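**Q** what follows is a predicted protein model with its sequence.
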Amino acid sequence: MTFELSLLVTPKSVPDLRGQLHEHGHDVRLCLSELLTNVIDHLGEGTPVTVRVTGTSYGRTRIEVTDPDPRVLPVLLPPTTTEESGRGLALLDVLAERWGVEQGADRKTVWCEVGGVSKG
């Protein structure tokens with residue numbers, strides 16, 4: 001099963017998308033939330049994104065978020081006890097089997113893969 005949606009990302013769209021993916025596991029919904037929140041935090045509310053969730057041939061679920069800025073790349077920082085932000089990618093790094101970034105001339109896709117495919 002493939003889920004794909006293009007939208008202008010807002011804080012409200014994050015829980016809305018989680019609800020649309022109710023047939024997927026908690027890790028899929030949480031990773032998607034973190035990827036969308038990173039877009040809002042680093043590119044701004046209203047950024048156009050394409051979200052894609054697919055099963056892989058090797059039994060994982062792949063989550064992709066594509067945005068129009070190939071220059072702003074995610075950076076995994078060590079979490080601190082005093083900062084209130086900056087833990088999203090650390091969480092993604094723990095939950096995902098693997099993750100990365102694919103850059104194009106006018107876009108980037110941040111993706112991750114978690115164990116287990118959707119139930120749907």
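**A** Cool, the structure landed. Residues are numbered from 1 along each chain as shown.

**Q** who does the lowest-mean-pLDDT helix or strand in the chain touch, helix- and strand-wise?
**A** Within the chain, no helix or strand scores below helix 88-95, which has a mean of 87 by mean pLDDT, DSSP states H and E. When contacts are defined as 3 or more CB pairs under 8 Å, 6 or more residues apart in numbering; DSSP states H and E, helix 88-95 sits against helix 26-43, strand 108-115. Where you see a C-beta, it was placed from the backbone N, CA and C, and this is true even at glycine.

**Q** go through these and name the closest to residue 95.
**A** Closest approach to residue 95 among the helices and strands packed on helix 88-95 (CB to CB): helix 26-43, 5.0 Å.

**Q** elements contacting the closest one?
**A** Contacts defined by 3+ CB pairs under 8 Å, 6+ apart place helix 26-43 against strand 3-9, helix 13-20, strand 47-55, strand 60-67, helix 88-95, strand 108-115.

**Q** so of the ones you listed, which one's packed in deepest?
**A** Mean neighbour count (mean count of other CB atoms under 10 Å) peaks for strand 60-67 among the helices and strands packed on helix 26-43, with a mean of 22.

**Q** okay, now the unreliable bits of this structure?
**A** Applying pLDDT under 70 to the chain flags residues 79-86, 116-120.

**Q** spatially central residue in it, please.
**A** Centroid-nearest residue in the chain, with CA atoms, centre = their mean: residue 35, separated by 3.0 Å.

**Q** who is the closest residue to residue 98 other than its chain neighbours paired with across the strands?
**A** Among residues not flanking residue 98 along the chain, residue 113 sits closest, at 5.5 Å (CB to CB, 6 or more residues apart in numbering). Judged by DSSP bridges, the bridge partners of residue 113 are residue 62, residue 98.

**Q** quick one: residues contacting residue 68.
**A** By CB atoms under 8 Å, 6 or more residues apart in numbering, the contact set of residue 68 is 47, 48, 106, 107.

**Q** let's see that with 7 Å instead.
**A** Applying CB atoms under 7 Å, 6 or more residues apart in numbering, we find residue 68 in contact with 48, 106, 107.
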